[in-house]
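S.K.: okay, sequence plus prediction incoming.
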Amino acid sequence: MTAEADPIRQSDPVSHGRVSTEAILLLGFMWFAYFLNYCDRQAVFAMFPSLQSDLGMTDQQLGLTGAYFLWVYALHDKFELSQSNADSMPRFIYKAALRLVC
């Protein structure tokens, strides 16, 4: 099999030691999405001192609040993953955007 007929070599983002612009942009986008996801998860824990002083929560109640948040977050991710596998991509994106708005 020649290199021209090999589909794996044709779709390789690295050619002759250079990385394609699309690969760099994709990596940057994925890093940014990861950063936003990390910030979202840490926002609840950053609010713990305010929750404790304003609402008079105990350490145990704060721990349960964090655990509930993480469990709901994890279950929601599982639901979204199953929905993304069941639908076509444009339909999934439309449904996800609709859920964000409503």
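M.R.: Here it is on my side, so go on. Residues are numbered from 1 along each chain as shown.

S.K.: when you work out contacts or count neighbours from here on, use the C-alpha atoms and nothing else.
M.R.: Fine.

S.K.: residue ranges with poor pLDDT in this structure?
M.R.: Per-residue confidence for the chain (pLDDT under 70) gives these ranges: 1-17, 83-87, 100-102.

S.K.: determine the set of other helices and strands touching the helix of greatest length in it.
M.R.: Among the elements of type helix in the chain, defined by DSSP state H, the one spanning the most residues is helix 59-86. With contacts taken as 3 or more CA pairs under 8 Å, 6 or more residues apart in numbering; DSSP states H and E, helix 59-86 sits against helix 48-55.

S.K.: which parts of the helix it packs on are buried?
M.R.: For helix 48-55, a neighbour-count test (16 or more other CA atoms under 10 Å) marks 48, 51 as buried.

S.K.: residue numbering should commence at 10 henceforth.
M.R.: I'll keep to 10 as the first residue from here, and by that count the last item is helix 57-64.

S.K.: domain parsing for this protein?
M.R.: What the record gives for the chain is the domain set 10-55, 66-111, from automatic domain parsing.

S.K.: okay, the ones you listed in a markdown table with mean neighbour count next?
M.R.: As requested, the domains of the chain are exported to a markdown table (neighbours: other CA atoms under 10 Å):
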| stretch | mean neighbour count |
| --- | --- |
| domain 10-55 | 11 |
| domain 66-111 | 12 |
